[in-house]
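> need a structure here:
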Amino acid sequence: MTAHSFRLIYDGEHTGDVNMARDEAISRAVSAGSAMPTLRFYAWAPPAISIGQAQKYDTIDHSACARDGVGLVRRSTGGLAILHTDELTYSVALPKEHPIAEGDLMTSYRRIADAILVALARLGVQDARASRVAREDKAKTGVCFEAPSDYEVVGTGRDGATRKLVGSAQWRRVDGVMQHGSLPLVGDIARITRYLLDTPSPEAVREHAMTLEDATGRAVSWRAAAEVWAGAFADHLGLDLTEDALSVEESFAADALLREKYGETGWTRRR
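Reported below is the predicted structural model:
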């Protein structure tokens, strides 16, 4: 297998709007050829809800978010609401012509899902898999983790039940592809129901989704999970990883995106 040169960024904790601005800034730099393809890992502080680019703003209980200090940001990718806390979040930025991005959205999505399955197996998840989901089986509520979408990753919990474990979304432009997603590490997967209106019960969410600790019976730290994930991606996708950070230009671009887009109420309230 030919090794693909990749930048690896362990980016630590940021607010939700900063995280989304950094993902887009990196993606644009990679697409323009001014940065190599990039695998980024990050976390969220304080906890934040991200809503999909087409999701309604009024599905959120804003008073509950304010009460608990939970942030809110709109993603540029699709999908439904996710509460980002106690999780490992990844993003992959690729130029459109990169071998990992070849084909249509579902082809590249499945290619990355297969690498995620290798990571989960190394973390001790039993029977992790990613399958196409029938349209009628998809979630009817605003909770992303209530049910899997096509080729999202599920695993078998210690009780033998199959539940969603990793949620991902992809953004394809003329010149580039960016995919990001999250692996809940610990805690109550149903916490998001505190912050959404007209949601399923916490019990219903727990029936359909779980954390890594639920799946394996042990708590794994953010850094340990990120390092396992990076190794699995390197081995399965043939990546030659070089650890680095955002460039000065990417940092400036992220700051501009924060001011003009992700930190602006006009973007967050656009639907």
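> For residue 269, what are phi and psi?
Phi and psi for residue 269, reported as degrees, to the nearest 10, are phi -90, psi 10.
> again, but for residue 229
Note on residue 229: its backbone torsions stand at phi -60, psi -50 [degrees, to the nearest 10].
> Against residue 65, how distant is it?
29 Å (Cβ to Cβ, to the nearest Å). The C-beta positions use only the backbone N, C-alpha and C, and glycine is treated the same way.
> Residue 252 too?
Computed with Cβ to Cβ, the distance linking residue 252 and residue 65 is 30 Å.
> So if I had to pick from those two, which one is more boxed in?
residue 65 (19 against 12; other Cβ atoms under 10 Å).
> mind listing what's buried in the helix or strand containing that one?
Using DSSP states H and E, residue 65 maps to helix 62-68. Residues of helix 62-68 classed as buried: residue 65 (neighbour count, 16 or more other Cβ atoms under 10 Å).
> Now do it: everything it contacts.
Contact partners of helix 62-68, identified using Cβ atoms under 8 Å, 6 or more residues apart in numbering, comprise 47, 49, 70-72, 194-195.
> now do stretch 167-180
23-24, 26-28, 30-32, 52, 75-79, 82, 89-96, 98, 101, 105, 108-109, 112-113, 116, 144-145, 148-149, 152-153, 181-182.
> what do you get for stretch 226-244?
Counting by Cβ under 8 Å, 6+ apart, 1-10, 36, 39, 41, 88, 90, 100, 111-112, 114-116, 118-119, 121-123, 183 sit against stretch 226-244.
> Among those, name the ones in helices.
Under the assignment DSSP state H, the contacts of stretch 226-244 contribute 111-112, 114-116, 118-119, 121-122 to helices.
> Return the member of the residues you listed nearest to residue 165.
residue 116 (9.1 Å; Cβ to Cβ).
> Run a quick neighbour tally on the closest one.
Other residues lying near residue 116 total 24 when counted by other Cβ under 10 Å.
> quick one: it and residue 70, what's the gap?
From residue 116 to residue 70 the distance is 26 Å (Cβ to Cβ).
> what does residue 118 give?
The value you get for residue 118 to residue 70, if Cβ to Cβ is used, is 33 Å.
> Neighbour count: those two, which is higher?
residue 70 (24 against 19).
> For the stretch 101-250 of the chain, give me the ranges with low pLDDT.
132-151 (pLDDT under 70).
> redo that, cut-off 90
103-106, 126-162, 173-174, 198-201 (pLDDT under 90).
> one step back: among the contacts of stretch 226-244, which ones are buried?
Neighbour counting by 16+ other Cβ under 10 Å classes 4, 6-10, 36, 39, 41, 88, 90, 100, 111-112, 114-116, 118-119, 123, 183 among the contacts of stretch 226-244 as buried.
> Distance of residue 164 relative to residue 2?
33 Å.
> Check residue 55 too.
On the measure of Cβ to Cβ, residue 55 and residue 2 end up 39 Å apart.
> How about residue 13?
35 Å.
> again, but for residue 253
30 Å.
> What of residue 251?
From residue 251 across to residue 2, the span is 31 Å (Cβ to Cβ).
> you'd agree residue 200 is up against residue 206?
No. The pair residue 200 and residue 206 does not pass the contact test of Cβ atoms under 8 Å, sitting 9.9 Å apart.
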